[in-house]
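In: Quick one, what's the 3D model for this:
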Amino acid sequence: MAANATPDDAIVTNPYKADFPLLAARTDLAFLDSAATAQRPASVIEAQKTFYETMNANPLRGLYDVSVKATEAIDAARRHVASFIGASDPAEVIFTRNATESLNLIAQTLGEQLLKPGDEVCISIMEHHSNLIPWQQVCRKTGAKLVFLYLDDEGEIPVSEMDAKINERTKIVSCAHVSNVLGVTNPIAELARRAHAQGAVMVVDGAQSVPHIRVDVKELGCDVLAFSGHKALGPMGIGVLWARRSLLESLPPFLTGGEMIDSVTEQDAVWAPLPMKFEAGTQDAAGIHATGVALSYFEDKGRDALEARERQLVDYLYRRLAENPHVSLIGPHDPAKHVGVVSFNVEGIHPHDVAALLDVKHVAIRVGHHCAQPLLAWLGMQTCCRASIAFYNDARDIDMLCNALEFVWSVFHGND
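Out: As a prediction, this is how the structure comes out:
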């Protein structure tokens, strides 16, 4: 690894921070925790405010002008999400509270309908708990077996694991598109091909991919995709579940109540058509509207340009951390294989102490098990540090982190 890493001019300048009120106000802050939640641009914050000021009515339920506008706002956001992920049918887009709810929805409805004793659900060891615990629970309930794909030395799923683990007993394969700890991009298209060859369903956790790289459900060949709005510049409390229409139509509803019915009698009910079948009760209409505006921000700034900037930022982050002899990097040795995330530890210093001391220097990173305890246990550790970037970061943020790590070391070891 080359020493004395220098940043490209493109990441020294920053035309984006001014669009983000928190970052514009906190010029002293290096925010490097976007894998946990992204910052919101002013346009997204304003969109929520505008909704409540100009169309604050319960959507779907009113025939008056304001309610119609609220309904149209949700419909427009649904079409926007479908276009953003390459889906052709907006009715296949279901709004939930977060990616966790989306994955629970599919695990409980699909899993309980499909699985029986002797069947297998195949996931990777790197899964976020949101894409692990729902499958644990449904396997326990149905008598199916949860099978794990393990990794090679670079943190990637080798072909040998796919050969060994995806077979005639496999009914569901569920995998993160991008790891929230290792930053690796998993071979979803190949996993989907193998799953479909066995008649299995392919589920993808896109929480860490949709905000950073182009995602097209047709190209991935998956049957289900889940992601969160708040990691993609949108408000907290909005999730997306996309699934093939035929699959959604075959599943029972996840929640029951208002809006998800076509008709009700004293003893029975008929479910509403998609997407309402899976959207019981009053939705966060303002948040859904603002999520559509968040996707517009990506498009207005140019998705290819933002993705290229993030690749440069991660490359610089990895190389700067590699210069520190007391830092051990986690995951692939090639910085180009890290999407948005570089995890690391500092020799002999607990990650919680690292984070607390970095905060003194106004550097925000995430430490802990990152909701991926089985992965960390498999790696032989309980916790680690994680720096995660978005396009609104710049070289100064990364330099602040690396300089602050020198401060952390000096607190424990002096200036040695």
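In: pretty sure His80 belongs to a strand, no?
Out: No. Using DSSP: H, G, I helix; E, B strand; the rest coil, the assignment for His80 is helix, not a strand.
In: what comes into contact with the host helix or strand of Glu112?
Out: Here Glu112, judged by DSSP states H and E, is contained in helix 112-114. By Cβ atoms under 8 Å, 6 or more residues apart in numbering, the list of residues contacting helix 112-114 from outside reads 138, 141-142, 171-172, 201, 250-252. C-betas here are computed from N, CA, C, even on glycine.
In: run the last query once more with 7 Å
Out: Helix 112-114 has contacts (Cβ atoms under 7 Å, 6 or more residues apart in numbering) with 138, 141-142, 171-172, 251-252.
In: Then stretch 403-416?
Out: Here stretch 403-416 has contacts from 324, 326-327, 346, 349, 354, 357-358, 361, 363, using Cβ under 7 Å, 6+ apart.
In: Output it in CSV, but only the C-alpha positions, please.
Out: C-alpha atoms of stretch 403-416 as CSV (Å, rounded to 0.1, in the frame of the first residue of the first chain):
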residue,chain,number,x,y,z
ASN,A,403,-5.4,12.9,12.7
ALA,A,404,-7.8,12.1,15.5
LEU,A,405,-6.7,8.5,15.6
GLU,A,406,-3.2,9.8,16.3
PHE,A,407,-4.7,11.6,19.2
VAL,A,408,-6.4,8.5,20.4
TRP,A,409,-3.1,6.6,20.3
SER,A,410,-1.3,9.4,22.2
VAL,A,411,-3.9,9.3,25.0
PHE,A,412,-3.0,5.7,25.7
HIS,A,413,0.7,5.6,24.7
GLY,A,414,2.0,9.2,24.8
ASN,A,415,3.8,10.4,21.8
ASP,A,416,5.7,7.1,21.3
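In: Could you pull up the mean pLDDT of that stretch?
Out: Averaged over stretch 403-416, pLDDT sits at 92.
In: If we go by neighbour counts, what in that stretch is buried?
Out: Neighbour-count burial for stretch 403-416 flags 404-405, 408-409 (criterion: 16 or more other Cβ atoms under 10 Å).
In: Mind checking which of these land in helices?
Out: 404-405, 408-409 (DSSP state H).
In: and the helix holding Glu112, which residues are buried?
Out: For helix 112-114, a neighbour-count test (16+ other Cβ under 10 Å) marks Leu114 as buried.
In: What of stretch 138-151?
Out: 138-139, 142, 144, 146-149, 151.
In: First residue to last residue on that stretch, what's the distance there?
Out: Taking Cα to Cα, to the nearest Å, stretch 138-151 runs 24 Å from one end to the other.
In: who's in contact with that stretch?
Out: 107-108, 111-112, 115-117, 119-126, 135-136, 157, 161-162, 165.
In: make it 6 Å
Out: 107, 111, 115, 117, 119-122, 124-125, 135-136, 157, 161, 165 (Cβ atoms under 6 Å, 6 or more residues apart in numbering).
In: what's the offset of that stretch from the middle of its chain?
Out: Put simply, stretch 138-151 sits 22 Å off its chain's centre (Cα atoms, centre = their mean, to the nearest Å).
In: The buried residues of stretch 138-151 in strands, which ones?
Out: When DSSP state E is applied, those are split such that 146-149 fall in strands.
In: Let's have those in TSV, adding distance to Lys231.
Out: Formatted as TSV, those follow (distance: Cβ to Cβ, whole Å):
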residue	distance to Lys231
Leu146	25
Val147	28
Phe148	25
Leu149	24
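In: Could you identify the pair within those residues that is furthest apart?
Out: Farthest-apart pair in these is Leu146 and Leu149; separation 11.3 Å (Cβ to Cβ).
In: re the thing from before, and of the contacts of helix 112-114, the nearest to Gly281?
Out: Nearest member of the contacts of helix 112-114 to Gly281, counting by Cβ to Cβ, is Pro252, at 16.9 Å.
In: any idea how far the closest one lies from Leu114?
Out: Pro252 sits 12 Å away from Leu114, going by Cβ to Cβ, to the nearest Å.
In: Ile365: neighbouring residues, count only.
Out: When neighbours are counted by other Cβ atoms under 10 Å, Ile365 registers 25.
In: What are the boundaries of the strands in the stretch 301-416 of the chain?
Out: 327-330, 341-346, 363-364, 366-368, 384-388 (DSSP state E, counting those that start in this stretch).
In: Tabulate those strands in TSV, adding columns for mean neighbour count and mean pLDDT.
Out: Compiled in TSV, these are given as follows (neighbours: other Cβ atoms under 10 Å; pLDDT from 0 to 100):
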stretch	mean neighbour count	mean pLDDT
strand 327-330	18	98
strand 341-346	25	98
strand 363-364	22	98
strand 366-368	19	98
strand 384-388	27	98
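In: so which of these gets nearest Ala42?
Out: Closest to Ala42 of the strands of the stretch 301-416 of the chain is strand 363-364 (Cβ to Cβ; 20.2 Å).
In: check contacts around Ala272.
Out: Counted by Cβ under 6 Å, 6+ apart, Ala272 has contacts 260-262.
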